[in-house]
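Student: Turn this into a model:
(3 chains)
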Amino acid sequence: MRPIVTLLTDFGLADSYVAEMKAAIFTEAADIRIVDLSHLVPPGDLRSAQYLLGRAWRRFPVGTVNVVVVDPGVGSRRRAIAVRHHGHFFVGPDNGVFSAVLDGADVVELRVPKDASPTFHGRDVFTPAAARLALGEPFQGLGPTVRDPITLPSPQLRVQGGVAEGEVIYLDHFGTLITNVPGEKIAGATAIEVGGVAIGPLLRTYADVESGKLVALVGSEGLMQVAVRDGSAGARLGVGVGARVIVTLDA
Amino acid sequence: MRPIVTLLTDFGLADSYVAEMKAAIFTEAADIRIVDLSHLVPPGDLRSAQYLLGRAWRRFPVGTVNVVVVDPGVGSRRRAIAVRHHGHFFVGPDNGVFSAVLDGADVVELRVPKDASPTFHGRDVFTPAAARLALGEPFQGLGPTVRDPITLPSPQLRVQGGVAEGEVIYLDHFGTLITNVPGEKIAGATAIEVGGVAIGPLLRTYADVESGKLVALVGSEGLMQVAVRDGSAGARLGVGVGARVIVTLDA
Amino acid sequence: MRPIVTLLTDFGLADSYVAEMKAAIFTEAADIRIVDLSHLVPPGDLRSAQYLLGRAWRRFPVGTVNVVVVDPGVGSRRRAIAVRHHGHFFVGPDNGVFSAVLDGADVVELRVPKDASPTFHGRDVFTPAAARLALGEPFQGLGPTVRDPITLPSPQLRVQGGVAEGEVIYLDHFGTLITNVPGEKIAGATAIEVGGVAIGPLLRTYADVESGKLVALVGSEGLMQVAVRDGSAGARLGVGVGARVIVTLDA
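Tutor: Numbering: from 1, shown residues only, chains lettered A, B, ... in the order given. Here you go, the predicted structure:
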């Protein structure tokens, strides 16, 4: 069976842009399965796109082709690239959105067809390349090797002297604040603070507190998060992406 | 051809949660068709989930596996279950969301793998079980029989003395108020009142009134509803789920 | 491989209506690929539906069946129709939403089954007909020929005396104002005005201006559009669909 192509964009769901990308895929290859990763990335928000891609790509089978179109520089001199990382493929703009999968990866620059719209490489450059990869076209045949892909700085994380300091990296649909503090670093947490507010001990799941209470736990991607049971932690604490997180560890 | 798996959640469309569930399905079974029932159930709203599931499941072919993840008690002692009802399957939490399909059904408790995230059974418990059902694994092999699944009380409905009394059970995207009063009970309706407002006679379709006017009719699932043509009845009447509905019947 | 069926509706994404249409398709034909064009057309907005359909249909392979359910007159005397235009198919209400594909097209009236819900022809009339077309049923067998399908007036466009005058026909997710002025008519544009505001010269892509600045360019469907880089032109100019557009051309 053909590999899966996933789509992650900031295109929203009202317009025809996502369907036009799917048409481009089906025109190249009728029997490809397409999975919408999300199309509600806030416009141009590379950090949210990185978080969502980082959660999802490793759960798909080897060979899956992940297309990311969060691309405010479309049509400028920024390169269009494809990345091969542990057998998974990534296609999109060279703007840092693939920073987390560049380590040890192969990267090539995609050719931009003469008739590609300068405002819609998602349809005219990225999805056609993704479809060709899914059809088995050799990766290196897509274009010349890129040795210096753009990388973005990682969110701050420091673990030393019995304290882990990080930040909120994502706010989800439920209002849960996802941090960059890995669960395995904070097994002996004695105090947790987000945006200056003490949260309480590290628990296991939302139902470990009463409805309406704050709870800190290790989320399903392995990172510490802060939630309000049956409510929104983002609204409760009045903080969002970038807020400071401090975890005091057992001596 | 493999059965269909449908997904009904309160996960929203911005995050990667739905895609991670699809990855879990495709990892077990590459050739399964997945249909999104809805992912915009209000967080934790079991009654809306029940209404949407009740409308949709019987329209899919026998053998379809319906996964519901409206699950505020995830990771607590609430059981994870699978239900077989007239050849259709249902997988999700034992929190009452399946009340309407438990009559005469077989119910089993799903095993929760040791490495399942305590906050994401949708990905780590329910969809893997759904994929195995779709692959033809025997239902009884999923786990031990459950004899006392949780049921939720039905919305109030009373038909006697020439009056049907019920309530609004769902507010849809158009602002239409769906009630629990079955169309076949009110053929001789002479007066209809919702939230204390008289609506007018029972008509056949929206276009039977002028633009902007209230209209009561029997909706496409067989229940009485109140709409505003080219507008929102919820906004017009200022009422929502739980509002009282009174239909006076022909003597 | 079976043709694709696309779905364009104003049903939103919260309810079960879209899933019920997919169930109707899969009940007729298990192996059809379904693509959501959009379900967020503003309720009853035939002009937005026309724009989205017009962008998307020609990008899908010949034989694709496009179902449109923006249908405020459902259940009234308005006809249900199917259209064949250059090998592409269209199914939906005869309310003008197909105006742009009627030229040289064949049109037939669909039979409405006795048990069809008068409020949900999307599920009970249009998708079953679309599935039969996708299965290869002859087009003319769907019903009697229609010689006078409804057409809607096109948005105003006048090019003469060195001036092109048109209007905004769509506002997209990014707040970009799409006009009906074709790019090939305005190669020599010297001044561009939308809603009374001067925009600047015609450029190639968003990144040709600084962040936060207005930019006019030819979009990926060939029409002039006005955007704000990393922002919303609709919000900046305070205008929307119907706003006047004036392009002064080179002498």
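Student: Helix, strand or coil: sort out A:Asp126 for me.
Tutor: No, residue A:126 isn't Asp; it's Phe. helix (DSSP: H, G, I helix; E, B strand; the rest coil).
Student: For the stretch 151-251 of chain A, which residues are neighbours of chain B?
Tutor: Residues of the stretch 151-251 of chain A lying close to chain B (CB under 8 Å from any CB of the partner chain) are A:172-174, A:204-208, A:217, A:219-220, A:229-230. In short, each C-beta sits where N, CA and C put it, glycine included.
Student: Repeat the analysis, applying 7 Å as the threshold.
Tutor: Residues of the stretch 151-251 of chain A lying close to chain B (CB under 7 Å from any CB of the partner chain) are A:172-174, A:204-207, A:217, A:219-220, A:230.
Student: possible to save these as TSV with pLDDT?
Tutor: Compiled in TSV, these are given as follows (pLDDT from 0 to 100):
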residue	pLDDT
A:Asp172	98
A:His173	97
A:Phe174	97
A:Arg204	96
A:Thr205	96
A:Tyr206	96
A:Ala207	95
A:Leu217	97
A:Gly219	98
A:Ser220	97
A:Asp230	96
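Student: Take those residues and keep only those in helices.
Tutor: Judged by DSSP state H, those include no members of helices.
Student: can I get the residues you listed in CSV with neighbour count?
Tutor: Listed next are those as CSV, based on neighbours: other CB atoms under 10 Å in any protein chain shown:
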residue, neighbour count
A:Asp172, 23
A:His173, 17
A:Phe174, 21
A:Arg204, 13
A:Thr205, 20
A:Tyr206, 25
A:Ala207, 21
A:Leu217, 24
A:Gly219, 21
A:Ser220, 20
A:Asp230, 16
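Student: In those residues, find the pair that's most separated.
Tutor: Largest separation among these by CB to CB: A:His173 and A:Arg204, giving 21.4 Å.
Student: Please enumerate residues in contact with stretch A:102-121?
Tutor: Residues outside stretch A:102-121 that contact it (CB atoms under 7 Å, 6 or more residues apart in numbering or on different chains) are A:71, A:74-75, A:79-85, A:124-125, A:129, A:139-140, A:142-146, A:149, A:151, C:204-206, C:217, C:219-220.
Student: Report the buried members of those residues.
Tutor: A:71, A:74-75, A:79-85, A:124-125, A:129, A:142-143, A:146, A:149, C:205-206, C:217, C:219-220 (16 or more other CB atoms under 10 Å in any protein chain shown).
Student: now the helices for the stretch 101-250 of chain A?
Tutor: For the stretch 101-250 of chain A, applying DSSP state H, counting those that start in this stretch gives helices covering A:121, A:127-134, A:233-237.
Student: Now mean pLDDT and distance to C:Val112 too, for the ones you listed, in JSON lines please.
Tutor: Formatted as JSON lines, these follow (pLDDT from 0 to 100; distance: least, CB to CB, whole Å):
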{"stretch": "helix A:121", "mean pLDDT": "98", "distance to C:Val112": "44"}
{"stretch": "helix A:127-134", "mean pLDDT": "98", "distance to C:Val112": "38"}
{"stretch": "helix A:233-237", "mean pLDDT": "97", "distance to C:Val112": "48"}
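Student: which one of the residues of the stretch 151-251 of chain A next to chain B sits closest to chain C?
Tutor: A:His173 (13.0 Å; CB to the nearest CB).
Student: Just to check, that closest one is in contact with B:Asp15?
Tutor: Yes: using CB atoms under 7 Å, A:His173 is in contact with B:Asp15, at 5.3 Å.
Student: where does chain A have low pLDDT?
Tutor: By pLDDT under 70, the weakly predicted segments of chain A are A:251.
Student: Select the longest strand from it.
Tutor: Taking DSSP state E as the criterion, chain A has its longest strand at strand A:163-171.
Student: Centre of the chain to that strand, how far?
Tutor: Strand A:163-171 sits 16 Å away from the centroid of its parent chain (CA atoms, centre = their mean, to the nearest Å).
Student: Enumerate every residue touching A:Glu167.
Tutor: Here A:Glu167 is in contact with A:155-156, A:179-180, A:242-245 (criterion: CB under 7 Å, 6+ apart).
Student: Mind checking which of those are buried?
Tutor: Looks like the contacts of A:Glu167 have A:155, A:179-180, A:243, A:245 buried, using 16+ other CB under 10 Å.
Student: got the contact list for the residue nearest to A:Val125 when sequence neighbours are not counted?
Tutor: Of all residues not flanking A:Val125 in the chain, A:Ala80 sits nearest, at 5.0 Å (CB to CB, 6 or more residues apart in numbering or on different chains). Shown here is A:Ala80, whose contacts under the criterion CB under 7 Å, 6+ apart are A:93-94, A:109-110, A:112, A:121, A:125-126.
Student: what do you get for A:Pro201?
Tutor: Contacts for A:Pro201 were tallied using CB under 7 Å, 6+ apart; they are A:Ala189.
Student: Just read off the phi/psi values of it.
Tutor: Main-chain torsions, A:Pro201, degrees, to the nearest 10: phi -70, psi 170.
Student: which SS class is the closest residue to chain C within the stretch 51-200 of chain A?
Tutor: Closest contact between the stretch 51-200 of chain A and chain C, by CB to the nearest CB, is at A:Gly75 (3.0 Å). With three-state DSSP as the basis, A:Gly75 sits in coil.
Student: Could you tell me which residues of chain A lie near chain C?
Tutor: Counting by CB under 7 Å from any CB, the residues of chain A near chain C are A:11-16, A:19-20, A:22-24, A:26-27, A:30-31, A:43-44, A:72-76, A:117-120, A:123.
Student: Please indicate which of those are buried?
Tutor: Buried among the residues of chain A next to chain C by 16+ other CB under 10 Å: A:11-16, A:19-20, A:22-24, A:26, A:43-44, A:72-76, A:117-120, A:123.
Student: List the buried residues in the longest strand of chain A.
Tutor: A:164, A:166-171.
Student: what's the most buried one of the helices of the stretch 101-250 of chain A?
Tutor: helix A:121 (a mean of 27; mean count of other CB atoms under 10 Å in any protein chain shown).
Student: from the chain's centre, how far out does that one sit?
Tutor: For helix A:121, the distance to the chain centre is 19 Å (CA atoms, centre = their mean).
Student: do the same with stretch A:37-52
Tutor: Centroid displacement of stretch A:37-52 relative to its chain, using CA atoms, centre = their mean, is 6 Å.
Student: Output it as PDB - backbone C-alpha positions only.
Tutor: Output of stretch A:37-52 as PDB, limited to C-alpha atoms (Å, rounded to 0.1, in the frame of the first residue of the first chain):
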ATOM      1  CA  LEU A  37      -2.600  16.900  10.700                       C
ATOM      2  CA  SER A  38      -4.100  20.300  11.400                       C
ATOM      3  CA  HIS A  39      -5.000  23.400   9.300                       C
ATOM      4  CA  LEU A  40      -5.500  25.700  12.200                       C
ATOM      5  CA  VAL A  41      -1.900  26.600  13.000                       C
ATOM      6  CA  PRO A  42      -2.100  30.300  13.800                       C
ATOM      7  CA  PRO A  43      -1.000  32.200  10.600                       C
ATOM      8  CA  GLY A  44       2.800  32.100  10.300                       C
ATOM      9  CA  ASP A  45       3.300  30.500  13.800                       C
ATOM     10  CA  LEU A  46       6.400  28.300  13.200                       C
ATOM     11  CA  ARG A  47       6.700  27.300  16.900                       C
ATOM     12  CA  SER A  48       3.200  25.800  17.100                       C
ATOM     13  CA  ALA A  49       3.700  24.100  13.800                       C
ATOM     14  CA  GLN A  50       6.900  22.600  15.100                       C
ATOM     15  CA  TYR A  51       5.200  21.300  18.300                       C
ATOM     16  CA  LEU A  52       2.400  19.700  16.300                       C
END
